[in-house]
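S.K.: predicted model follows, preceded by the sequence.
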Amino acid sequence: MSSEVQDRRIPYRFCEDCAEEFVDYIERMQGRGDQELYWRDEAWMEVWATWINHRAALDRHFRSKSFTRLLEELKNTPSD
Ligand SMILES: [Zn+2]
């Protein structure tokens, strides 16, 4: 899938398939979602929960003082 979906409910850039899954994950977190999609079980929920945690950790890292410092140092390092 190459087309991208942008939806106010979705704080990430996804392809259509992933956007659909993400929205469904949020629905299921709130006790909704289509129960006929039996493969979206606890293990599937765990995949999304860990992915979201991973993305949040990346965001914290990129906004951290140490990462900002690294970028500054790289900017001030003459390249060959
Ligand atoms: Zn995707």
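M.R.: That came through fine.

S.K.: show the pLDDT at residue 6.
M.R.: Note for residue 6: predicted pLDDT of 63.

S.K.: can you tell me how far residue 70 sits from the ion?
M.R.: As for residue 70, its distance to the ion is 30 Å (criterion: Cβ to the ion, to the nearest Å). No exception for glycine: its C-beta is placed from N, CA and C like everyone else's.

S.K.: which residues touch the host helix or strand of residue 54?
M.R.: Assigned by DSSP states H and E, residue 54 belongs to helix 42-63. Taking contacts as Cβ atoms under 8 Å, 6 or more residues apart in numbering, the residues outside helix 42-63 that touch it are 12, 21-22, 25, 28-29, 67.

S.K.: quick one: contacts of the helix or strand just after it?
M.R.: Moving toward the C-terminus from helix 42-63, the next helix or strand (DSSP H and E) is helix 65-75. Contact partners of helix 65-75, identified using Cβ under 8 Å, 6+ apart, comprise residue 61.
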